[in-house]
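Q: predicted model and sequence follow; I will ask about them next.
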Amino acid sequence: MQPQYQMGYDRAITVFSPDGRLYQVEYAREAVKRGTTAVGIKCSEGVVLIVDKRVTSRLLEPVSIEKIFKIDAHIGVASSGLVGDARSLVDRARVESQINRVSYNEPISVETLAKKLCDHMQTYTQFGGARPYGTALLIAGVSDGEARLFETDPSGTLLEYKATGIGTGRPAVIKTFEDEYQEDADFSGAIRLGIKALHAATEGKLDVSAIEIGVVSIETGEFRKLEKDEVKAYVDQFEE
Amino acid sequence: MQPQYQMGYDRAITVFSPDGRLYQVEYAREAVKRGTTAVGIKCSEGVVLIVDKRVTSRLLEPVSIEKIFKIDAHIGVASSGLVGDARSLVDRARVESQINRVSYNEPISVETLAKKLCDHMQTYTQFGGARPYGTALLIAGVSDGEARLFETDPSGTLLEYKATGIGTGRPAVIKTFEDEYQEDADFSGAIRLGIKALHAATEGKLDVSAIEIGVVSIETGEFRKLEKDEVKAYVDQFEE
Amino acid sequence: MQPQYQMGYDRAITVFSPDGRLYQVEYAREAVKRGTTAVGIKCSEGVVLIVDKRVTSRLLEPVSIEKIFKIDAHIGVASSGLVGDARSLVDRARVESQINRVSYNEPISVETLAKKLCDHMQTYTQFGGARPYGTALLIAGVSDGEARLFETDPSGTLLEYKATGIGTGRPAVIKTFEDEYQEDADFSGAIRLGIKALHAATEGKLDVSAIEIGVVSIETGEFRKLEKDEVKAYVDQFEE
Amino acid sequence: MQPQYQMGYDRAITVFSPDGRLYQVEYAREAVKRGTTAVGIKCSEGVVLIVDKRVTSRLLEPVSIEKIFKIDAHIGVASSGLVGDARSLVDRARVESQINRVSYNEPISVETLAKKLCDHMQTYTQFGGARPYGTALLIAGVSDGEARLFETDPSGTLLEYKATGIGTGRPAVIKTFEDEYQEDADFSGAIRLGIKALHAATEGKLDVSAIEIGVVSIETGEFRKLEKDEVKAYVDQFEE
Amino acid sequence: MQPQYQMGYDRAITVFSPDGRLYQVEYAREAVKRGTTAVGIKCSEGVVLIVDKRVTSRLLEPVSIEKIFKIDAHIGVASSGLVGDARSLVDRARVESQINRVSYNEPISVETLAKKLCDHMQTYTQFGGARPYGTALLIAGVSDGEARLFETDPSGTLLEYKATGIGTGRPAVIKTFEDEYQEDADFSGAIRLGIKALHAATEGKLDVSAIEIGVVSIETGEFRKLEKDEVKAYVDQFEE
Amino acid sequence: MQPQYQMGYDRAITVFSPDGRLYQVEYAREAVKRGTTAVGIKCSEGVVLIVDKRVTSRLLEPVSIEKIFKIDAHIGVASSGLVGDARSLVDRARVESQINRVSYNEPISVETLAKKLCDHMQTYTQFGGARPYGTALLIAGVSDGEARLFETDPSGTLLEYKATGIGTGRPAVIKTFEDEYQEDADFSGAIRLGIKALHAATEGKLDVSAIEIGVVSIETGEFRKLEKDEVKAYVDQFEE
Amino acid sequence: MQPQYQMGYDRAITVFSPDGRLYQVEYAREAVKRGTTAVGIKCSEGVVLIVDKRVTSRLLEPVSIEKIFKIDAHIGVASSGLVGDARSLVDRARVESQINRVSYNEPISVETLAKKLCDHMQTYTQFGGARPYGTALLIAGVSDGEARLFETDPSGTLLEYKATGIGTGRPAVIKTFEDEYQEDADFSGAIRLGIKALHAATEGKLDVSAIEIGVVSIETGEFRKLEKDEVKAYVDQFEE
């Protein structure tokens, strides 16, 4: 529970606390921490995004819980946190990508897109009339033949990782990667490591049918979501 | 009752609480929980929407309590929560559908419409000057020969279900569906299951004359509300 | 008296309370509950509106206390609650009716008008910068040869009734109607029932000279306010 | 003194209290109750407005304390409450009258003008960014050969009276009128009654030199303020 | 000191208190009461304005403390209260005067100018986003061969006086005038009375060099500030 | 420390306290009182501005602490208080000067510029959405062959002085000037007096290298900042 | 911890506290104090910027933690504080530089750019609707063959230093520079001193791989970031 003297800072948007923090931004980060776990891993062949969708009811159509989104031919995004906010950011990302194609006649670079999204998110932490986004993104793509993996958070901070995770299971995922990540793995190895990390993050209660995997390949320069049976193959492999 | 230290977060719209929640959105969900119960069920022939209108007085014209709305030839919606808010969203849905027809010369896809409504609802959770919508919707329709059933809530979250419910009776409805739902039922079976779920949700006090049923058929691709005697036939069947 | 922990929700317009209610809307309903009593009754010949104007001083010109308003040739409205708010809604209703005539060259349907007014009232419950309307309306009219009677409230909810009442005396009016209403009554019977209901609502202190009656006839399709002597005839009849 | 739990409602403009009242409007009425007393009386010859200007210092130019204003050839207004607010409303009334003459080439009807002013005052009770007017008006005029006398208050309520009063002395004035008002009096009788009512309202401390009288005559259809000696004649008559 | 229960009303601009007062306006009047004393006196030859500038340091250039301002050829103004606010009103008065000359090709009447300034000041008491003016003005001029002397205050109230005062010393000034004011005095007599009143207001600590005098003459129709030696002559006369 | 009952007034900008003061303006004055000390002195040859820049670290480039600014060929300004605010006002002053040259083809008069700056500062004390400036200025210049020295403060008050000071050391400076100021001093005498005053204001801890001097000469009509060695000469002289 | 009576000032943006401080600005400075440490040092050959990026995980791509930014050919910037805010200021700086090139066909002077950024930052401390920037910048560049090094802070204050530091380690850095800074050092000496200062600031836990160095050379007039091996060479040198 918050000590009483801090209550005042929470009400006004984009106001500093006496120790120089923006509480609204930190609270938005809590929304991310309560989200589904997503991991991103760079490997020798490209970048892998894996999400545990936490499907809790057989009545749900798992396919409708979209946590990995294709942004452009060469870029995909995984999200954690408020679902509506994520969709709003994904829409924006798609528009920015199309604008780049129309304006410069070439695909947007992964870094440019990530910076544009972060700039957008930052304004929601500085100006009144709106709250910060309650969403973190993993942005994976290929530019100039190089794999890139960015992580953003509600403050608009942008960091590039070799491997990282967002959402509830982040600490367990990071621990797994700190111990076992290898840059020279291929897609197969990276996916196996990602599933292992998610497994650790869910304390073994990983639901196979609810795993979503996206990969962007350096060779083809294309992002695609794996088909259900491809996913199943990796999960089966893991469970053996 | 809310503990005292949370009072501050309720007053300002679209502000995060220290644990990353948007109280205004959660309170809006309470408005939905106090609404009439509505169920939606996909079946082999299409989608079924059933609402218990809770007509409490013989002075009321039951027909005026509209809880199922035709949006376009191929899409219907059932609502629960604040009545005025629902009508506002229904108006918006109809306009979006017409815009699609005018712009692209074809009916809007069910998923596109559902996403547009959710995007709209999400903005009311992020920007100041207005409160979130106090309404949930079941959006049923047929696109490309496939039956679709979406559920939205005040946060702008969008999920697709095989069968689901909104409003006061949601827990009882979901329980019934978890136990008895079968994908391969026909309209008749789906409607019987829906009535059974509503019966459970109202603890047996289901008012026959106040049941409203809408169906969208894969075969015809059309949404229509059942006539009074059609509804009566199903209810009589159930009561036997 | 309100418990202390609710005070915060009252100050900000259009904000949800923890249990999903919009207090400002409910308080506006209190303004209606403190208003003069008005009743509306559908009958075989059309719809009847009757208001007890509560003239309290012989210095007042009773004619100036207008509680029943002609909106268009075929539509009349009775109001209860804040007088200035009612006049503002009546002005809007008249403008909407004229717009319909100009745009489509035909009279507005009663239901369309009622929905437009409710949509307007709903926006005052969702957006900041203004309070909800403190007024309920009974909207009576004839469309396509059918009598219609709608009731609106500050939330923008719209219901159609066979017979209903608004204002201070609503509970007594509704009780009278639940017991004695008959759909097949003629104007004369409906007016007598309405006066009886108002009599019950005012605990017998009904002031004859302050009763205002409006009728819309299926036959003529016209709304008109009864002349003073017509009203007197009905009241005399009642008192016998 | 207000009980403590009501304090919250006073701060935000145009917000309902739990019992459905608009405190800001009721407080504005208090400003009227603290204003100078004005009376209006319909009689067989037209309408009379009389004001006690309460001139308290011999240094003041009594003529500068204007409480009765000519709006148009056929309409006059008496005010009570905040002086600056009254002047603002009077300006608006004059403009509305001129607009009517320019638009329709005829004088504005008294009722139309009164309604327009009330509509204007009502908006200040519903929308944010401004407070309600702290002023009541008596609007006297002749339209279609008929004398009219309207009273408005800060809520935008409009009532027509045979005889009425506003300001501090209202209760004493109304009591005098309830007892002694006669519709068939001529100007002379009406003015004497008005002075008597003001006398009662000021507990006999009526200051002759500070009485202002305006009359609008059915015969001429003109509004005019009485000259000093005309006023004196009536007051002398009264004091005998 | 204010009782504690009134604190709420002070924070929001242009809000009524339960007893119908506008505290912000009354507080603005306090700013005037803390201002330098200014007096205005009508006499047989015109109007006199006298101000005690309270120069407290020999380092100050007394000429820079301007408390009497020429507005137009025939109008002068004395101010008390917030200095910056006074200058803002004086600028406005000069612009209004010039607009009148340009629009109608004649000097603005003193009353018209006074009303325009008051209307302007009133809006600052009714609309949000700004505070009322913390300044009172004495407006002296000649129109149609007649001397006029108006006093305004932060509420936008306008009164015409034979003789009056504003600022700290108002009560002492008014007392002097109530006892000794004579309408038929000439400029010389009026100025002597004004100096006497200021002397009383400052408890005898009147600083000769800091007295500023403006006169507007019926004969010439011109406003002018007296030269230093003219002022000195009057003060010397007084001190004898 | 402020007594508790005043807290409410501090939060809302441009609101009067019960005793007619604008706390935000008075608090802005505190920002000035915490600023570096600046003095201005009129003398027979023109005006002198001297500032003690309080350079506290050898790592600082003293030249970058600008406290005296050239506004136009004939006008200079010294500031105390918030540094960013001062720069904003200086920018505005320069623009106003250039506008005058462009519009009228002549240099702006010192008084006109000073009034324009004060008018600008006054608006920040009356309108919402911004705080008052936390800066005082000494405005020195030559117009029509005459030396002028104005002092402004956060309220927009404008005073002309023979000699004055702003910032932390004001009381000591004023005391020195009250005792020793002579109008007929030449530049050399005025500068020596200014340095003496600053010396008193800093309790003898005057840092030679951090003294900045600007002079505007009646003879040349030009403002210039003294070179480092000129300043040193005066300081050496003083220290002897 | 803040004493309780100050809480009120924190909530409203750009409001003065009773002692003339802008708390929001001071809290923004706390955000800077919690930032990574950056140093800037002028030397005989130009200016050096060095940052300790504090890379805490082997999963991070150190290159993505950008703390030194090239603004234009001749200007570089180091930042400390909120990362998103820094990026927003860097974007603005780049745009200003380009505008200067387009408008005047020449590179922007370092001082002009620094002032423009400070003016921009100052407005965020005076106007409502946004918070101040939580970022400090070191702006290094060469103009007219001279090396310049400016430091800005959230208030918009601008100072030029010979050597300075921002962020968590500022006190230790300043202490090192006060003791050991020499103006006549060459790049090599300056970089060694900077690394020493950072070493002191991090209490010896300086992470070699996370050091970023930018230099702007008087000779070439160009800013560039050192390559990884260049940085390594200096660090190795230091560690010996």
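A: Arrived safely, thanks for sending. Residues are numbered from 1 along each chain as shown, chains lettered A, B, ... in the order given.
Q: A:Glu222 and A:Ala73 touch, don't they?
A: Yes. Look at A:Glu222 against A:Ala73 with C-beta atoms under 8 Å: they come within range, at 5.8 Å. The way it works is simple: take the backbone N, C-alpha and C, and place the C-beta from them, glycine included.
Q: who's more crowded, those two?
A: A:Ala73 (17 against 14; other C-beta atoms under 10 Å in any protein chain shown).
Q: need the contact list for the more buried one.
A: With contact taken as C-beta atoms under 8 Å, 6 or more residues apart in numbering or on different chains, A:Ala73 is in contact with A:107, A:221-223.
Q: what's the PyMOL line that selects buried ones from those?
A: Of these, the buried ones go into a single PyMOL selection, burial set by 16 or more other C-beta atoms under 10 Å in any protein chain shown:
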select buried, chain A and resi 107+221+223
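Q: distance to chain B for the contacts of A:Ala73 - can I get that in TSV?
A: Converted to TSV, these look like this (distance: C-beta to the nearest C-beta, whole Å):
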residue	distance to chain B
A:Pro107	24
A:Gly221	28
A:Glu222	24
A:Phe223	20
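Q: give me the subset of the contacts of A:Ala73 lying in strands.
A: Judged by DSSP state E, strands contain the following of the contacts of A:Ala73: A:Phe223.
Q: and the lengthiest strand in chain A, what's buried?
A: Of all segments of type strand in chain A, defined using DSSP E, the longest is strand A:135-143. By neighbour count on 16+ other C-beta under 10 Å, the buried set for strand A:135-143 is A:135-143.
Q: next one: stretch A:38-48
A: So, applying 16+ other C-beta under 10 Å, buried residues of stretch A:38-48: A:38-43, A:45-48.
Q: mind listing what the most centrally placed residue in chain A touches?
A: Computing the C-alpha centroid of chain A and ranking residues by C-alpha atoms, centre = their mean puts A:Leu138 first, at 2.8 Å. Counting by C-beta under 8 Å, 6+ apart, A:Leu138 touches A:38-40, A:49, A:77-79, A:149-151, A:164, A:166.
Q: what of A:Gly194?
A: A:39, A:41, A:48, A:50, A:213.
Q: cool, A:Gln126 as well?
A: Contacts of A:Gln126 by C-beta under 8 Å, 6+ apart are A:14, G:85, G:88, G:124, G:130-131, G:133.
Q: now it: phi and psi?
A: phi -110, psi -30 (degrees, to the nearest 10).
Q: with A:Glu146 instead?
A: Per-residue torsions, A:Glu146: phi -120, psi 140 (degrees, to the nearest 10).
Q: same check on A:Gln237?
A: phi -50, psi -50.
Q: strands paired with the longest strand of chain A, and their directions?
A: Neighbouring strands of strand A:135-143 in its sheet, by DSSP bridges, are strand A:75-81 (antiparallel), strand A:146-152 (antiparallel).
Q: what about that strand, distance to the chain center?
A: Centroid separation between strand A:135-143 and its chain, computed with C-alpha atoms, centre = their mean, to the nearest Å, is 6 Å.
Q: what mean pLDDT does that strand get?
A: On average, the pLDDT along strand A:135-143 is 98.
Q: right, is stretch A:18-28 up against chain B?
A: Yes. Looking at stretch A:18-28 against chain B by C-beta under 8 Å from any C-beta of the partner chain, the contacts come from A:23-24, A:27-28.
Q: can you flag which of the residues you listed belong to helices?
A: In helices, defined here by DSSP state H, the members of these are A:23-24, A:27-28.
Q: including pLDDT and distance to F:Gly194, could the residues you listed go into a markdown table?
A: Formatted as a markdown table, these follow (pLDDT from 0 to 100; distance: C-beta to C-beta, whole Å):
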| residue | pLDDT | distance to F:Gly194 |
| --- | --- | --- |
| A:Tyr23 | 84 | 49 |
| A:Gln24 | 88 | 50 |
| A:Tyr27 | 91 | 54 |
| A:Ala28 | 94 | 55 |
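Q: got the phi/psi numbers for A:Val95?
A: The phi/psi pair for A:Val95 (degrees, to the nearest 10) is phi -60, psi -50.
Q: how near is it to chain F?
A: 32 Å (C-beta to the nearest C-beta, to the nearest Å).
Q: which positions within whichever helix or strand A:Leu117 is part of qualify as buried?
A: Using DSSP states H and E, A:Leu117 sits in helix A:110-126. By neighbour count with 16+ other C-beta under 10 Å, helix A:110-126 contains the buried residues A:110-111, A:113-118, A:120-122, A:124-126.
Q: can I get these in a markdown table including pLDDT?
A: Below are those laid out as a markdown table (pLDDT from 0 to 100):
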| residue | pLDDT |
| --- | --- |
| A:Val110 | 98 |
| A:Glu111 | 96 |
| A:Leu113 | 98 |
| A:Ala114 | 97 |
| A:Lys115 | 96 |
| A:Lys116 | 96 |
| A:Leu117 | 97 |
| A:Cys118 | 96 |
| A:His120 | 96 |
| A:Met121 | 96 |
| A:Gln122 | 95 |
| A:Tyr124 | 91 |
| A:Thr125 | 91 |
| A:Gln126 | 88 |
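Q: fine, thanks again, bye for now.
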